[in-house]
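Engineer: sequence and predicted structure, then a few things I'm wondering about:
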Amino acid sequence: MATVYVNGKPVDIGNEKLNLIQAAQKAGVLIPHYCWHPALTVVASCRMCLVEVGERKPDGSVAMQPKVVPACQTPAKDGTIIVTNSAKAVFAQQQTLEGLLLNHPLDCPVCDKAGECLLQDYTYDFGRATSRMIDDKFAPPNKPNIGADIALFTDRCIKCSRCVRFTREISGTAELMFVARGEHEEIDIFPGEPCNNKLAGNVVDLCPVGALCSKDFLYKHRVWNLKTQKSVCADCSTGCSIWLDANKSIVYRLRPRYNPQAQGHFMCDDGRLGYHYVNSIERFLRPMARRDGRLTPLPWTEMVPAIRRAFQNAAQKEAASVVGVLSPFLTCEEAYLIAKFLKGLSNQVRLALGPVPIVGEDDTYPKDRHGRPIQPVKFTIRAEKCPNRRGVEEILRHFQGEIISFNDVVRDAAEGRVQAMYLAAGYPPRPGGWVSEMQAQMIQRVPLVVCHDLLPSPVSNFAHYVLPSASWAEKEGTFINHAGLAQALYWGAVPAGEIRTDGQVFLDLLERRGLLHAATLRKELAAEVPYFAPLAERDLGEYGILLEKKTAEAGVN
Amino acid sequence: MPIADSDVKWVTAPKIGLMEQLYLPAIFEGLQTTVRHTAKTLFGDGAVTQQYPEVEPKLPPNYRGVHRLNRDEQGRVKCVACYMCSTACPAHCIDIVAAPSPWPDREKYPETFVIDELRCIYCGMCEQACPVDAIELTTLYDLTGLSREELMFDKEKLLSVFDETVKAGTDPIRTRAGRLSVASELPVDVGLTNSSSAQS
Amino acid sequence: MGTSLELGFNFWITLLFIALMMGVLQGTCAYLILAERKISAWAQDRLGPNRVGPWGLLQPIADGIKFLLKEDIIPDHVDKLFYLLAPCIAVSTALLAFAVVPFGPTTPPPVLLDYRQVPPQAVWPQTVEEEKAVLEADREHAKRTNDKTYEEKLKEYNDTIQFVIAPHVNIGIVFNFAVGSLAVYGVLLGGWSSNDKYSMLGGLRSSAQLISYEIPMGLSVLGVLAVTGSLNLETIIDYQVKHGWNVFYQPLAALLFITSVFAECNRLPFDLPEAEQELVGGYHTEYSAMKFALFFLGEYTHMITTSFLIAILFFGGWHFPGTNALSGVGGILVKLIVIAAKMVLFIIFFMLIRWTLPRFRFDQLMGLTWKVLLPLALVNIVCVIIIKQFHLSEWLLLPLSLGTLFLVAGLALYMPRQRPRAPIRLAAHVASGPPAVLQDHEIID
């Protein structure tokens, strides 16, 4: 049990191996820092975290070191004394900031980082109000094509080397480096080898200033206008915890949210840039029914009873010929509700798991310079490109004991053994689509097809009822990732037009009143399905709840 | 916040006499004032009314009327699309879409810049917030339109307001590096004597 | 009564007067609105409406056209019958009340006295025999005193034009008050049927105010009636022509009457029913176009009627020193002008007071009528009764009246007052943890 004294306040840091920044954080004291990042190696190059350090000997005497030292590089041990507010420490912080600002341009108004910039924040909290610089600032030219999605504003760089270390240590691809020395030092790439690895977007988040900017977000919006919501990336079964930044129901960007149980600090570019379909103007905006071969809008108030009636009739005629297809993009709550509705018609109704998109193999990082993965794995992009296969499977298993694959259902449909099909799809538009033309032709033989989806697909071209789905950014619920980690999803945007979340439609089909409230449903789900029992009492917290114990190998940074 | 005891001044109501208690003398005193004003306006030249369409008001140069977007020396829009004005705007009437600028010496410029003049409350916060002295309020006060759309001023319209007002000489550029320049001070002959000392 | 003794009633003249006064009243109302706006402007150093016609003189016509052409909105949530009825009641009662108000020279109807009794008393013969006897006695008395007989007086009265729509109504002032106070139904129904909280509150306030102020108004008039001995407004004027204006005898009653009349007309400082700051538009919040104009018309007609009443009851009606002897068309014109001038003066007074006094709070409003005006009016009546009972000089009423006023003001100076509320010191309660519930005795230190 080690005790450190932060600004005179004793803090018990236990047996953790911490540096002084982390130790001070435990005491609620912020030691400003740029180059240090918990996932990267320590270089102590920015000198922002200079503090006064001393030691309290067991006999009670205090010995302070004569010079300020970088907190990131100094391990905390029992009796360590950290002083961040002494004249010496404050002076050191001011001096460092003045040095960093010597060549930093005053272009905050046009800088995308403004508002979440650490240089702004620390200058405000720790720096000087005015500049004493009288010479012209050194302004090297920008490098707008340093990566496919990354632009480098060279003059804004404070040379913390976070990005360089990231490409060397986490992605392993090592595209970025420093060239030149001293004042002329700048970030660069080898000619013709831009920073295009699948984790490259993270350098934008890592950059404490506005030097590295995402071209996807460049000049799109000012960050202070964005409403940030906790969410979960839906692009692969890793289930990265993310921040969803939206304003007026337009999603502007996704950023990784630290979650040691899911993915660590980072996220991949596939997920980061894969949200655009949420804002697509081609999405279905209103429920539609097919009349004389044409899709015509039908209000929800008529649509829901019509579907309910149609399925009740179909189940009465021949329950085994009624099929529900639950896509792995549904939240657990939604899957539970639709399963409950269809199984409530008759126990003979069959439920199938929708197509699970698999693209290539799991992609692990870091890689060596030939692109071969090396151990230890620090980040994994899963081949399974859906967020909630595990959750939907568990619900199917609970309701009918076995999991029927989509292909079986399609085959049955082709053979005419399916009379009614409920497709709760909601797939994002990905190359190839979720259903092939051939499969669609087989499904076309089903006399009654209800299809929930975001965008037109081969099935929606003939489905009798097409219902607009809400994307993951617009709904709340629970996703279970590949390792059985349950994470809560919150809505960050309001769906456009008359779109209702799938869960709300299922709730209406069940004739249950009110609006969908994920936490309540989750409780109900936990009480009914044993697999979800751990979710009963508490909310899922920031990091989610592991439903399975055997997942110690989950990639954690 | 509770009021400190030191800030509380205790006063007792003054004693009133018989005539005050009657209230009638006070009423007549008040009536006297009313009659005096009425008579002064009716028979004298006491009215402060300006006959607007015939007589145009003389406005101080720091009057806050219709907005304009200033041009730089090369005639380009000065605005750098930093959103400071729209952030500062209490009425949320400024809508900007930014884009990388087509000029080598600038990084960002407003692709569109729309002010809803109907929603605007003419507080001048945008002018104060602007880091590049690009948005200013002019002395144009007679803003009329036949539709709501007409009063959604876009970039071209706002730039044309600049051209007009500069040509007319009524509104010299009044901000310099964020500070109000001499042009915004009241000249002596404006005639708003009671407010001139407070405003300058 | 036999036909020979009936007081004259010329149908055509009455019809003419009704038509004339309807037109004049409405025209006056329209121009009063202009006057109101002009005077408001002048009192505030402005010019007022000056765009329509010379000096804005056509403004009322523009306003009238606007009222007529505006969309007539009847909100969905109103009680339609009463919603439509309310403005009709407001305007019709105001016009009806004007029926007994003389607007020009009048003569009092002759009184038939029974000279068989000593002293002679007014009599209304019930049978032909009695009538004959009384007339006989009257003729004898006339012969004795060289005076005109009742029949001659009656003929003379019937031959003069009385400038009042309904002449010789014995219960004149009572009729006026009775009909005029029906206006409260217009206000109350308007407020209630609008089915809107602001209207409802405005209507309730208004009814409370109108009913309360009717009491001191009626009581202050009682003194005048006791002195004059008649309810007939023509007789009241005649009394003042002979004895001098009532305001000189009973200034207190005049003050009380004028004050009450302000409240009855919903004029500032008593315009609580339509206090915009609190009630939007008061009882006529939901009214628009012509229905709103009708409320307005009723209000201004009320104002004209009450201005006439002030002039008639206390300021001698058409009487002005030196004009009494004038006769013929010139005399009639002068007298018409005199009473009209008096009326206009009081209306201007109404309008000037509006920009002089701030609006009362509701409790102050109620306190004023129940605690001040009502007792003063009662004291006034007692004084008049004493004077009449003991046949004292009526001039004694003047010092009594003024004395009462000063005495009450002096007494009020020494009345025990409610102790002023000490400001609540919240700081101590906030500092000492959970917020303490302040008891009444704690607040009033």
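Structural biologist: Alright, I've got the coordinates. Residues are numbered from 1 along each chain as shown, chains lettered A, B, ... in the order given.

Engineer: so how far is residue C:291 from residue C:69?
Structural biologist: According to C-beta to C-beta, to the nearest Å, residue C:69 and residue C:291 sit 14 Å apart. Heads up, the C-betas are built off the backbone N, CA and C, glycines and all.

Engineer: for chain C, which spans come out with low pLDDT?
Structural biologist: Low-confidence segments of chain C (pLDDT under 70): C:1-6, C:8, C:273-277, C:416-445.

Engineer: what's the burial count for whichever residue of it sits closest to chain A?
Structural biologist: Using C-beta to the nearest C-beta, residue C:76 is the residue of chain C that sits closest to chain A, at 24.3 Å. Other residues near residue C:76 come to 7 when the count uses other C-beta atoms under 10 Å in any protein chain shown.

Engineer: ok, residue C:69 and residue C:291, which is more surrounded?
Structural biologist: Ranked by neighbour count (other C-beta under 10 Å), residue C:69 and residue C:291 place residue C:291 first, with 23 against 10.

Engineer: list the contacts for the more buried one?
Structural biologist: C:72, C:84, C:87 (C-beta atoms under 8 Å, 6 or more residues apart in numbering or on different chains).

Engineer: filter those down to the buried ones.
Structural biologist: Neighbour-count burial (16 or more other C-beta atoms under 10 Å in any protein chain shown) applied to the contacts of residue C:291 gives residue C:87.

Engineer: report the separation between residue A:163 and residue B:30.
Structural biologist: Noted for residue A:163: a distance of 78 Å to residue B:30, by C-beta to C-beta.

Engineer: those two: which is more packed in?
Structural biologist: Shown here are residue A:163 and residue B:30; by other C-beta under 10 Å, residue A:163 has more neighbours (27 against 16).

Engineer: CA atoms only: put the strand or helix carrying the more buried one into CSV for me.
Structural biologist: Using DSSP states H and E, residue A:163 maps to helix A:162-169. C-alpha atoms of helix A:162-169 as CSV (Å, rounded to 0.1, in the frame of the first residue of the first chain):
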residue,chain,number,x,y,z
ARG,A,162,2.1,10.8,-30.1
CYS,A,163,1.2,10.1,-33.7
VAL,A,164,4.7,8.8,-34.5
ARG,A,165,4.7,6.5,-31.5
PHE,A,166,1.1,5.3,-32.4
THR,A,167,2.1,4.2,-35.8
ARG,A,168,5.2,2.5,-34.5
GLU,A,169,3.7,0.8,-31.4
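
Engineer: all strands of the stretch 101-250 of chain A, in order?
Structural biologist: Listed in chain order, the strands found in the stretch 101-250 of chain A under DSSP state E, counting those that start in this stretch are A:150-152, A:176-179, A:186-189, A:212-214, A:227-232, A:241-247, A:250-256.

Engineer: point me to the residue of chain B nearest chain C.
Structural biologist: For chain B, C-beta to the nearest C-beta, closest residue to chain C: residue B:2, 3.6 Å.

Engineer: which residue would you name as the spatial centre of chain A?
Structural biologist: Closest to where the C-alpha atoms of chain A average out (C-alpha atoms, centre = their mean) is residue A:242, at 2.8 Å.

Engineer: from what I can see that one touches residue A:268, true?
Structural biologist: No. Residue A:242 sits out of contact with residue A:268 when judged by C-beta atoms under 8 Å, with a separation of 11.0 Å.

Engineer: how does the chain divide into domains?
Structural biologist: Looking at chain A here, since you left the chain open. Chain A breaks down into these domains under automatic domain parsing: A:2-97, A:106-113+A:121-225, A:319-360+A:386-546.

Engineer: hmm, I had chain C in mind actually
Structural biologist: According to automatic domain parsing, chain C comprises the domains C:18-61, C:70-105+C:164-412, C:113-157.

Engineer: most tightly surrounded among the ones you listed?
Structural biologist: For the domains of chain C, the largest average neighbour count (mean count of other C-beta atoms under 10 Å in any protein chain shown) is found in domain C:70-105+C:164-412, namely a mean of 20.

Engineer: okay, how far is it across that one, tip to tip?
Structural biologist: For domain C:70-105+C:164-412, the first-to-last residue distance is 52 Å (C-alpha to C-alpha, to the nearest Å).

Engineer: next: stretch C:51-71.
Structural biologist: First-to-last residue span, stretch C:51-71, C-alpha to C-alpha: 24 Å.

Engineer: now do that stretch: everything it contacts.
Structural biologist: The contact list for stretch C:51-71 (C-beta under 8 Å, 6+ apart) reads C:30-31, C:33-34, C:37-38, C:48-50, C:288-290, C:292-293.

Engineer: if we check chain B, which of the residues you listed are in contact?
Structural biologist: The subset of the contacts of stretch C:51-71 within reach of chain B, by C-beta under 8 Å from any C-beta of the partner chain, is empty.

Engineer: in helices, which of those appear?
Structural biologist: C:30, C:31, C:33, C:34, C:37, C:38, C:289, C:290, C:292, C:293 (DSSP state H).

Engineer: skipping adjacent residues, who's closest to the last one in space?
Structural biologist: Once flanking residues are discounted, residue C:293 sits nearest to residue C:67: 4.1 Å by C-beta to C-beta, 6 or more residues apart in numbering or on different chains.

Engineer: name the helix or strand of chain B that has the lowest mean pLDDT.
Structural biologist: Using mean pLDDT, DSSP states H and E, the weakest-scoring helix or strand in chain B turns out to be helix B:193-199, at a mean of 40.

Engineer: the residue nearest to residue A:526 when sequence neighbours are not counted: how many residues sit nearby?
Structural biologist: On the basis of C-beta to C-beta, 6+ apart, the spatially nearest residue to residue A:526 that is not a chain neighbour turns out to be residue A:536, at 3.7 Å. Residue A:536: 12 surrounding residues under other C-beta under 10 Å.
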